[in-house]
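> Sequence and predicted structure below; questions after.
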Amino acid sequence: MNAKDLFNAIPHALDAVDVPALGPKTEGKVRDIYHYRGQRVLITTDRVSAFDRVLGTIPYKGQVLNQLSAWWFAQTADILPNHVIDVIDPCVTIAHEAQALPVEVVVRGYITGVTSTSLWTLYQQGERQPYGIPLPDGLKKDDPLPQPIITPTTKAQDGAHDEQITAQQIVERGLVSAELWAQVERAALALFQRGQALAERAGWILVDTKYEFGLVDGQLTLIDELHTPDSSRFWTLDSYRAGTPIHYSKEFLREWFVKQGYRGQGPIPRMPAEFVQEVAARYIYAYETLTQQPFIAGEQPARARIERCLAQWAANHPPA
């Protein structure tokens, strides 16, 4: 079934799923979270966020993110353990409860971006040491950096989302100990290197990506999603060499909003149906290209499917 057939079969997106048997949920930007038997149930919806706001929904986005992230976890398990216990459904993951670190990590291999805190925007404004990292003069938009760099940011709380922060400030504020931060940096660079290699195998470039880390039983663990079109920028290698990088990531959507004059303030422009389908097709193509597997959509309706999968999981994992 190709992308067009998928959209014709199910024209609506999965905005949210209520599973009353699990009790109250915590609704994040793009997923619904339940706490269940000492674990977390993560239901990835089709909501899409950028500029720190939910902008709408993209069909099949949640299933792509969940399944692609699970694939990436399997490719990187030798570098760092992840929080996944079971992927029980195309959009549902059972995960360990984790103590999230208060700092997110962005690893960048190229200087690019359109948001106010992107590396390219800051560089254009004359900053030569954004995030405390010295950059050479003469860089042009989308140029490769001399080497991958880590640009940390505090997590979204108290208006501090995308705060520019240095490694020294992280330690001085007591956000993360020096020893743990060094471990985070080593893991992030190793994960990025693995991601670059696998993207290159598919004829793509992993431009930059966000990692979230946490502690499970005191051990550093990779949490949240990994190397998906929502958390990473991907370009096709051929298009980059031709001088016009083609995005297979959320950056394609961000750039459309910027062209409409939207950067996070005021009314949110409505995405035309053709554009929504194009974004969805790119997400699906990202899954198929990177994993070299066909994308198979989960059956509908989502709630009945999810409840059935959870019941089966619970039957196979009785309480201790």
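Good, I have the coordinates.
> hey, let's count contacts and neighbours off CA atoms from now on
Fine.
> elements contacting the helix or strand harbouring Glu274?
Applying DSSP states H and E as the criterion places Glu274 in helix 273-291. If you count contacts as 3 or more Cα pairs under 8 Å, 6 or more residues apart in numbering; DSSP states H and E, helix 273-291 packs onto helix 3-9, helix 61-76.
> If you count neighbours, what's buried in the longest one?
It stands for helix 61-76. Under the neighbour-count criterion of 16 or more other Cα atoms under 10 Å, helix 61-76 has 61-73, 76 buried.
> out of these, who's nearest Gln277?
Lys61 (10.8 Å; Cα to Cα).
> The closest one reaches Asp46, doesn't it?
Yes. The pair Lys61 / Asp46 is scored as a contact, 4.9 Å apart, by Cα atoms under 8 Å.
> Would you agree Asp208 falls within a strand?
Yes. Assigned with DSSP: H, G, I helix; E, B strand; the rest coil, Asp208 falls within a strand.
> Please identify which helix or strand holds the nearest residue to it once chain neighbours are set aside.
Using Cα to Cα, 6 or more residues apart in numbering and skipping residues adjacent in sequence, the residue nearest Asp208 is Arg108, 4.2 Å away. Under the criterion of DSSP H and E, Arg108 resides in strand 103-110.
> Would you list the strands that that strand pairs with, along with their directions?
strand 144-154 (antiparallel), strand 204-216 (antiparallel) (DSSP bridges).
> How about residues contacting that strand?
142-145, 147-155, 175, 188-189, 192, 206-213 (Cα atoms under 8 Å, 6 or more residues apart in numbering).
> Out of the helices and strands packed on helix 273-291, which gets the lowest mean score?
Lowest mean pLDDT within those: helix 3-9, at a mean of 52.
> that older thread, export the following helix or strand past the helix holding Glu274 as PDB, just CAs?
Remark: after helix 273-291, the chain's next helix or strand is helix 302-316, criterion DSSP H and E. Provided in PDB are the C-alpha atoms of helix 302-316 (Å, rounded to 0.1, in the frame of the first residue of the first chain):
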ATOM      1  CA  ALA A 302      -6.800   3.000  17.500                       C
ATOM      2  CA  ARG A 303      -8.400   2.800  20.900                       C
ATOM      3  CA  ALA A 304      -9.800  -0.700  20.500                       C
ATOM      4  CA  ARG A 305      -6.400  -1.800  19.100                       C
ATOM      5  CA  ILE A 306      -4.500  -0.300  21.900                       C
ATOM      6  CA  GLU A 307      -6.800  -1.700  24.600                       C
ATOM      7  CA  ARG A 308      -6.400  -5.200  23.100                       C
ATOM      8  CA  CYS A 309      -2.600  -4.900  23.000                       C
ATOM      9  CA  LEU A 310      -2.400  -3.600  26.600                       C
ATOM     10  CA  ALA A 311      -4.700  -6.500  27.800                       C
ATOM     11  CA  GLN A 312      -2.500  -9.000  26.100                       C
ATOM     12  CA  TRP A 313       0.600  -7.400  27.600                       C
ATOM     13  CA  ALA A 314      -0.900  -7.400  31.100                       C
ATOM     14  CA  ALA A 315      -1.800 -11.100  30.800                       C
ATOM     15  CA  ASN A 316       1.700 -12.000  29.800                       C
END
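> quick one: average confidence on helix 302-316?
On average, helix 302-316 scores 89.
> Kindly report the same for stretch 274-287.
Mean pLDDT, taken over the full extent of stretch 274-287, equals 92.
> now it, how far from the centre of its chain.
16 Å (Cα atoms, centre = their mean, to the nearest Å).
> Flag the shaky bits of the stretch 1-150 of the chain, pLDDT-wise.
Applying pLDDT under 70 to the stretch 1-150 of the chain picks out residues 1-12.
> can you give me the strands for it?
25-27, 31-36, 39-44, 47-50, 53-57, 84-89, 92-96, 99-100, 103-110, 144-154 (DSSP state E, counting those that start in this stretch).
> and the first one, what does it pack onto?
Of the remaining helices and strands, those touching strand 25-27 by 3+ Cα pairs under 8 Å, 6+ apart are strand 31-36.
> circling back: wait, which of the strands of the stretch 1-150 of the chain is closest to Ile165?
Of all these, strand 144-154 comes closest under Cα to Cα, at 5.8 Å.
> which residues are in contact with the closest one?
102-111, 131, 133, 160-167, 185, 189.
> Tell me how far the next helix or strand after it lies from the chain's centre.
Once the chain leaves strand 144-154, the next helix or strand it forms, by DSSP H and E, is helix 167-172. Relative to its chain's centre, helix 167-172 lies at 25 Å (Cα atoms, centre = their mean).
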